[in-house]
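Undergrad: Requesting a structural model of the entry that follows:
(2 chains)
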Amino acid sequence: MSDDAKRWQQAVEAAAGGEAKGDPWAAFARRILEARRRGRDDRAPTRVLRRAQAIWQDSRKPKAARWLKVIADSFVDPMPALRGARGARLLRLEAGPLTLDVRVDPRPDGGTHLHVALVPASAGQVRALVAPAKRASRVQLDAHGTGTLDLAADAREIVLLVVADGEEIARTPRIPLRR
Amino acid sequence: MGVESVDSLEPRPVSTTPTDAELVARCREGEQAAWDALTARYVDLVYSVARRSGLASAYAGDVVQEVFLALYRNLGRLRRAERLLPWLLKSARRESWRQVRRQRAAKGREQARARAEADPGRLPVEALVELEEEQTVREAYGAIGERCRRLLDALFFSGEKRPYAEIADELDMRVGSIGPTRKRCLEELRVALERLGFGPDAGGKGKRR
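TA: Numbering: from 1, shown residues only, chains lettered A, B, ... in the order given. Here you go, the predicted structure:
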């Protein structure tokens, strides 16, 4: 055992026993003992650590969730079968097995009427994040996976989230509500 | 009763824990395990700062959340990741002070009066030095084995002298092996402290690298 190791061991035992020695090793041992005792008094509860660790996942949800990709957008490419839907915008988005159809209808009062259809219907619920107000609205889906939502006139764009068991599993890019 | 060999009294190699800079770099690469390790390393430190600023447990938890949220947002901008400890101490102190002021405002005290006071909720610099020491000891403890931690706590850090038989029973070990194990564990702790740049000097103060 080295000299340092011996001095350290003697110093810790003396400090723990309350013996007051004046050499540097004794002072060092006392500081270590005191620091350990103080540190043990203020330990963070496990739930505090878990919350801090959850910041990672919470902040990365959009990356963890799948992005729904726009497959068809009648604003960009009017589809023959949809030409009769005067003024309405139709979108189809897909991510893996999920398909989300969205119909955006302007209302006479300046607001917007949304109609969504999720396939498969059992995949989850749909939530809408509305900008610029940053409001969140739940779209109540029926047994067929379809539902509607009315947005106020100040709504400029939306992001739709597919949520299953409280977790976001997919989201759309920003969808402008006006041309 | 077995006889301890001389070899068994030598300290086992202390586990090499990643440095703060390594953990921050791994976080930047998107490794969640690195983030978990960083938060586990420093959660007690940040919580201690908040508690010693006079905050109740629930508010101290909020301080921890705010500080780690700020750290997460700044991961890409931290220029000197090896200086994470002082960064966290400073952030925790500032956030604790904010919480103290918020509580005062909520209690209806005049904010002007609160400002005029001499920062009673702000931790003095000496307290930060103590907290830094505690963090170093915490990390050194983290580098030695769980069995060693429990034994040293039982022997030296509980604040009372306990009979070996009681400790042996608690730790499920032979009374005769406590002495040699104690030596080995103390040496592991000394080596771990040394690696963190913490050792005796003229004033008995340690200095963290």
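
Undergrad: Helix or strand: which one has the closest residue to chain B within chain A?
TA: Among the residues of chain A, A:Ala27 lies closest to chain B, at 2.3 Å counting by Cβ to the nearest Cβ. Any C-beta I mention is one placed from the backbone N, CA and C, and that applies to glycine too. Assigned by DSSP states H and E, A:Ala27 falls within helix A:24-41.

Undergrad: same question for that helix, mean pLDDT?
TA: Confidence for helix A:24-41, expressed as mean pLDDT, is 87.

Undergrad: can you check stretch A:97-105 too?
TA: 90.

Undergrad: ok so, going back, could you double-check that the residue of chain A closest to chain B lies in contact with A:Glu34?
TA: No: using Cβ atoms under 8 Å, A:Ala27 makes no contact with A:Glu34, being 10.7 Å away.

Undergrad: list the buried ones in whichever strand or helix holds A:Ala170?
TA: Following DSSP H and E, one finds A:Ala170 within strand A:167-171. With burial defined by 16 or more other Cβ atoms under 10 Å in any protein chain shown, the residues of strand A:167-171 counted as buried are A:Glu168, A:Ile169, A:Ala170, A:Arg171.

Undergrad: Could you find which two of the residues you listed are furthest from each other?
TA: Farthest-apart pair in the buried residues of strand A:167-171 is A:Ile169 and A:Arg171; separation 8.7 Å (Cβ to Cβ).

Undergrad: could I get the buried residues of strand A:167-171 as a markdown table with pLDDT?
TA: As requested, these are arranged in a markdown table below (pLDDT from 0 to 100):
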| residue | pLDDT |
| --- | --- |
| A:Glu168 | 81 |
| A:Ile169 | 85 |
| A:Ala170 | 88 |
| A:Arg171 | 89 |
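
Undergrad: Give me the residue ranges of chain A where confidence is low.
TA: Segments of chain A classed as low confidence (criterion: pLDDT under 70) are A:1, A:20-21, A:60-65, A:78-86, A:133-134.

Undergrad: How about residue 138, nearest residue that isn't a chain neighbour?
TA: No chain in the question, so chain A it is. If you skip the residues right next to it in sequence, A:Arg138 has A:Arg127 as its closest partner in space, 5.4 Å away by Cβ to Cβ, 6 or more residues apart in numbering or on different chains.

Undergrad: hm, I was asking about chain B
TA: What sits nearest to B:Arg138 in space, not counting adjacent residues and going by Cβ to Cβ, 6+ apart, is A:Gly39, at 5.4 Å.

Undergrad: Now A:Arg40: closest residue in space that isn't a chain neighbour?
TA: Of all residues not flanking A:Arg40 in the chain, B:Phe157 sits nearest, at 7.1 Å (Cβ to Cβ, 6+ apart).

Undergrad: Next, work out how far apart the one you found and A:Ser2 are.
TA: From B:Phe157 across to A:Ser2, the span is 23 Å (Cβ to Cβ, to the nearest Å).

Undergrad: So between these two, which is more surrounded?
TA: Between B:Phe157 and A:Ser2, B:Phe157 has the larger neighbour count (other Cβ atoms under 10 Å in any protein chain shown), namely 20 against 9.

Undergrad: which stretches of chain B form helices?
TA: With DSSP state H as the criterion, chain B has helices at B:20-28, B:32-52, B:57-74, B:84-106, B:111-116, B:125-143, B:146-152, B:164-171, B:175-195.

Undergrad: Export these to a markdown table and append columns for mean pLDDT and mean neighbour count.
TA: Written out in a markdown table, the entries for these read as follows (pLDDT from 0 to 100; neighbours: other Cβ atoms under 10 Å in any protein chain shown):
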| stretch | mean pLDDT | mean neighbour count |
| --- | --- | --- |
| helix B:20-28 | 90 | 18 |
| helix B:32-52 | 94 | 22 |
| helix B:57-74 | 91 | 19 |
| helix B:84-106 | 87 | 18 |
| helix B:111-116 | 51 | 10 |
| helix B:125-143 | 87 | 19 |
| helix B:146-152 | 90 | 18 |
| helix B:164-171 | 89 | 14 |
| helix B:175-195 | 91 | 20 |
